[in-house]
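> mind looking at a prediction? Sequence and model below.
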Amino acid sequence: MLENIRGPAYVLGDNIDTDQIIPAQYLMYNPAIAEEYRMFGKYALAGVPAAQAGLPNGHVPFHTPEDEFVSPYRVIVAGRNFGCGSSREHAPIALNAAGVRAVVAEFFARIFYRNAVNGGYLIPFESAERLVEKIRTGDDVEIDVSNARLINHSTGQVYALKPLGDIAPILAAGGLFAYARQAGLLPATASS
């Protein structure tokens, strides 16, 4: 079962692409090595133009000077076509390494959506309305996963999200391979 997610929101606009989520010059790191995995968190959203960062608050840094690897933001609220661009699987890895647990967008680029789900990196929720004009960076938000809604504790507003549907058990298992093992579709352990 997926747990609710609560924390500060970080608001972005439309068409945030994978090169903005994790710029190509930081792809030299290997996410399978713990110290290098942290570097993905450090450079998450490093390519987002200042005009897009923290909308509608204007430019708001994604990281604090106190922690350059993990962001204080747990939920990203974005506009249309989040994760467009290349099929880079490192994009959801970077957000996960930075501490993001969910992205709420009007809709996602399909490859980003599948990479997020297949790896179990974060929960991609689609919003039923345009939230980037209703939520501000820093708002205390909570995603009620089982009821598919976003609660803005800063304003008291509640917004409907589209249900996760068939991806919920994959995310609850921790990704596609973990789900396949639980469902008996793959052996529980790798054979030697």
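Perfect, I can see it now. Numbering: from 1, shown residues only.

> every contact and neighbour count from this point should use C-alpha atoms.
OK.

> so where do the helices sit in the chain?
With DSSP state H as the criterion, the chain has helices at 18-21, 34-42, 90-97, 110-119, 168-173, 176-182.

> which residues touch the last one?
Spelled out, it's helix 176-182. Contact with helix 176-182 is made by 117-120, 169-170, 173, 186-188, as judged by CA atoms under 8 Å, 6 or more residues apart in numbering.

> sheet partners, orientation included, of the longest strand belonging to the chain?
Criterion DSSP state E: the longest strand present in the chain is strand 5-11. Paired strands of strand 5-11, with direction, are strand 75-77 (parallel), strand 140-144 (antiparallel) (DSSP bridges).

> which of these sits closest to Glu129?
strand 75-77 (11.5 Å; CA to CA).

> contacting residues around that closest one?
Strand 75-77 is contacted from outside by 5-12, 100-105, 131-132, 135, 141, using CA under 8 Å, 6+ apart.

> what do you get for stretch 142-156?
Here stretch 142-156 makes contact (CA under 8 Å, 6+ apart) with 2-7, 135, 139-141, 157-164.

> got the buried residues for it?
By neighbour count on 16 or more other CA atoms under 10 Å, the buried set for stretch 142-156 is 142-145, 148-152.

> format the helices of the chain as JSON lines; extra columns: mean pLDDT.
Putting the helices of the chain into JSON lines (pLDDT from 0 to 100) gives the following:
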{"stretch": "helix 18-21", "mean pLDDT": "95"}
{"stretch": "helix 34-42", "mean pLDDT": "95"}
{"stretch": "helix 90-97", "mean pLDDT": "97"}
{"stretch": "helix 110-119", "mean pLDDT": "96"}
{"stretch": "helix 168-173", "mean pLDDT": "96"}
{"stretch": "helix 176-182", "mean pLDDT": "94"}
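
> ok, and which of those has the densest surroundings?
Each of the helices of the chain was scored by mean neighbour count; the highest is helix 90-97, a mean of 26, by mean count of other CA atoms under 10 Å.

> just checking, what packs against that helix?
Counting by 3 or more CA pairs under 8 Å, 6 or more residues apart in numbering; DSSP states H and E, the packing neighbours recorded for helix 90-97 are helix 18-21, helix 34-42, helix 110-119.

> which residues outside that helix are in contact with it?
Applying CA under 8 Å, 6+ apart, the set of residues contacting helix 90-97 from outside is 18, 21-22, 27, 31, 37-45, 69-70, 83, 101, 112, 115-116, 121-122.

> what's the answer for stretch 57-68, then?
10, 42, 45, 50-54, 69-73, 136-137.
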